[in-house]
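> Generate a structure from the sequence data that follows.
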Amino acid sequence: MFSPLKRALVLWRAGGLQGQVFVGFAAPLALIAGGVALIGRRRREAAGWGRALVTYAVLGLVLAGIVALAVGTNGPCGGRLLKAARRLVPPYAMVRQTAKIFCLLPSFLALGGALAAAELRARFGPRRTAVLLAALLAAAAVEMGAQVRTTVCLLDNEQGAYRAVADDARRAGSIPRALVLPIWPGNDASSSLYEYYVQLYGIRMLNGYSPTVSRAYIRDVYEPLRGANQGWLPDGALDDLLQRDIRYVLLHENLFPEKVSPFPVMTTLDRLREHPRLDFLSHAEAVWAFRIRAAPRTQAAARPWPGCAATGCARRWEMEDCERHGGRAGRAGDAGGRAYLALARPDEWVRTRPTRVAPIGRLRWLVRLRGEGTLTAVTLADDGPIATAVVAVATNRWQWREIPLAGLTNCASVALRLSHSAGQVAADAVLLTAGDWREPAVGERLALPAPCLFHGGYTDPDRKRVVLRAATDPYAAILYGPKLPFAPGRYAAELRFDSSAAPGTDLGRLYVEGQDEQDWVVVAAGQGSARLEWEQRTNLPLNLVFVYLRNADMAIEKITIERLAAVEP
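Numbering: from 1, shown residues only. Next comes the predicted model:
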């Protein structure tokens with residue numbers, strides 16, 4: 001994914017990934033000219049010629065090696081040099097952008113240029129060499145200058161939540177130290193934003209970014225605290241932070257991708273706000289700050305945003321793609337991914353890939369099944385069984401069955417194992433969800449507050465909406481959900497929003513994932529709402545998606561879903 005093409009080394013005005021490895025023609029020509037002059041020196045002066053040739057050859061091999069590593073899997077022999085480097089130097093496997101090795105290139109090019117200049121001077125004399133090198137330098141300047149795209153980087157001059165942490169700590173006479181969420185294994189570049197803000201206010205940060213990560217960090221910091229991404233901070237973890245003199249937790253609401261939690265960011269924020277050992281300190285746009293208490297408080301915390309009764313679902317497994325023993329994969333147009341797995345023999349089983357999850361209210365599996373028979377469902381936590389349930393199936397239509405994820409007492413890697421017990425059962429998909437969820441009946445409306453959906457931007461707690469800014473938020477599918485099952489039927493969704501842009505300004509698109517593009521609805525300023533109707537032919541999970549076009553600022557209040565009529569599947 002991050003390996004540039006070989007032709008990008010000389011590709012004129014290439015952008016993005018390809019522009020990272022540009023070398024051009026001038027520098028290689030200077031080195032080649034120096035090499036030719038060196039070879040010609042043997043006839044004139046044999047003394048020291050062999051040593052100079054070896055030096056030049058070794059330098060050439062180093063430069064070639066850097067270039068080969070930089071183009072990664074597109075290098076010679078299918079990138080075998082990169083693969084060898086990853087085996088011989090294990091931290092090199094953590095470097096995902098192969099062009100980073102180019103940071104060594106200027107130093108070696110400078111050395112090569114000096115050697116080439118010496119050989120050319122000896123061959124052509126000072127004046128001719130100066131003219132030649134000046135021409136090559138001018139050509140290099142033109143080549144390199146053509147690759148540059150001058151842009152404006154919008155960095156905040158201040159960040160209120162970080163400032164509140166620094167001020168609060170200094171009032172208490174201590175050095176400000178914080179854990180910043182989401183916490184990563186240490187190699188995610190989004191942590192660079194954390195690093196920028198802590199530098200503004202002199203805050204010491206427990207977790208940051210490094211191209212290579214020590215085992216001690218993974219063992220002592222990341223693994224014990226990764227449950228904090230889901231709002232799980234038991235007393236032991238908080239006591240450990242306090243012993244390190246870390247007294248604050250910060251969370252970036254707009255840097256919360258699905259990989260860090262199965263649920264939307266508001267689930268984490270709700271749990272942090274309600275935590276008896278965390279005091280809400282400050283909120284500034286996308287960043288929330290909390291102070292760690294030495295002991296639990298006795299009164300409940302005020303909630304500055306609407307609580308989310310149901311959570312979305314960012315974990316879905318297709319059974320035919322999971323680890324299994326036996327079973328027969330089949331095709332069906334009404335199955336997720338148009339395929340399913342049939343279990344019909346006593347030794348057949350299927351298991352989802354593990355995912356990290358912390359204890360939360362009404363945590364459960366949703367399994368889509370049909371057939372006549374019985375399955376044994378075993379919930380595994382860190383590869384050990386914690387709960388077993390028997391699931392009897394007697395239907396020729398796909399139905400979602402709930403299996404409580406009981407017995408989870410700590411943040412753990414969980415998986416669901418379905419084993420054949422009797423009859424023949426087809427298993428289509430498995431979801432992991434929590435909270436309260438009920439499909440709307442015909443004529444019923446279901447209101448989903450925008451902060452409770454998966455989203456970018458930031459939450460305005462006073463007006464209970466998600467704010468999007470054209471200057472800083474991306475052109476992307478920036479708000480979506482709930483990714484949970486809906487019964488077949490005719491549905492309508494209404495997106496409620498407001499914007500100060502001129503009426504008619506195109507703000508974005510609203511659509512149902514999996515529907516045709518012509519079913520998209522334009523969301524334009526001045527309307528106040530946008531309505532989308534569609535027909536749900538199966539009871540597969542529904543995902544409503546809003547794509548933000550960055551033409552103007554806007555705020556989204558909620559999406560209301562109404563089931564207009566039932567439809568035979």
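> Please make it C-alpha for all contacts and neighbour counts, starting now.
Noted.
> quick one: residue 179 and residue 48, what's the gap?
To residue 48, residue 179 is 59 Å away according to CA to CA, to the nearest Å.
> Oops, could you answer that again for residue 29 instead?
24 Å.
> and if you look at residue 555?
Taken as CA to CA, the span from residue 555 to residue 48 is 73 Å.
> per-residue pLDDT, the most centrally placed residue in the chain?
By CA atoms, centre = their mean, the chain has its centre lying nearest to residue 257, at 4.7 Å. Looking at residue 257, its pLDDT stands at 92.
> just residue 90 next, same as before
86.
> Run a quick neighbour tally on it.
Using other CA atoms under 10 Å, residue 90 has 11 neighbouring residues.
> so where's the chain shaky on pLDDT?
Scanning the chain for pLDDT under 70 picks out 42-47, 300-307, 516-518.
> That one: helices as residue ranges?
With helices called from DSSP state H, the chain shows them at 26-44, 49-70, 76-88, 105-124, 126-147, 160-171, 191-201, 215-217, 223-225, 235-243, 265-274.
> With neighbour numbers in mind, choose between residue 179 and residue 48.
Using other CA under 10 Å, the more surrounded residue of residue 179 and residue 48 is residue 179, with 23 against 9.
> Enumerate every residue touching the more buried one.
205, 206, 207, 246, 248, 249, 250 (CA atoms under 8 Å, 6 or more residues apart in numbering).
> try 10 Å this time
Residues near residue 179 by CA atoms under 10 Å, 6 or more residues apart in numbering: 194, 204-208, 221, 225, 228, 241, 246-251, 290.
> The residue lying closest to residue 115 once chain neighbours are set aside: how many residues sit nearby?
Nearest residue to residue 115, sequence neighbours excluded (CA to CA, 6 or more residues apart in numbering): residue 34, at 7.2 Å. Applying other CA under 10 Å, we find 24 residues neighbouring residue 34.
> pretty sure residue 34 is in contact with residue 118, am I right?
Yes - if you go by CA atoms under 10 Å, residue 34 and residue 118 touch, sitting 8.0 Å apart.
> Find the residues that touch each one of the two.
Counting by CA under 10 Å, 6+ apart, the residues touching both residue 34 and residue 118 are residue 112.
> Now do the same contact list for the spatially closest residue to residue 485 that is not a sequence neighbour.
Spatial nearest neighbour of residue 485, chain neighbours left out: residue 541 (3.9 Å); criterion: CA to CA, 6+ apart. Neighbour list for residue 541: 313, 316, 336, 431, 481, 482, 483, 484, 485, 486, 487, 513 [criterion: CA under 10 Å, 6+ apart].
> Distance to residue 280 and neighbour count for those - can I get that in a markdown table?
Shown next, in a markdown table, are the contacts of residue 541 (distance: CA to CA, whole Å; neighbours: other CA atoms under 10 Å):
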| residue | distance to residue 280 | neighbour count |
| --- | --- | --- |
| 313 | 27 | 24 |
| 316 | 33 | 20 |
| 336 | 42 | 20 |
| 431 | 32 | 23 |
| 481 | 27 | 25 |
| 482 | 27 | 22 |
| 483 | 30 | 22 |
| 484 | 31 | 22 |
| 485 | 34 | 21 |
| 486 | 36 | 20 |
| 487 | 39 | 22 |
| 513 | 36 | 16 |
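> Tell me the one among those residues nearest to residue 52.
Minimum distance to residue 52 across the contacts of residue 541 is 62.0 Å, recorded for residue 316 (CA to CA).
> Enumerate every residue touching residue 563.
Counted by CA under 10 Å, 6+ apart, residue 563 has contacts 439-446, 486-493, 533, 535-536.
> give me that answer again for 8 Å
440, 441, 442, 443, 444, 445, 489, 490, 491, 492.
> Distance to residue 10 and neighbour count for those residues - can I get that in a markdown table?
Shown next, in a markdown table, are these (distance: CA to CA, whole Å; neighbours: other CA under 10 Å):
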| residue | distance to residue 10 | neighbour count |
| --- | --- | --- |
| 440 | 59 | 16 |
| 441 | 62 | 16 |
| 442 | 62 | 15 |
| 443 | 63 | 11 |
| 444 | 62 | 12 |
| 445 | 59 | 17 |
| 489 | 56 | 20 |
| 490 | 56 | 17 |
| 491 | 54 | 21 |
| 492 | 53 | 15 |
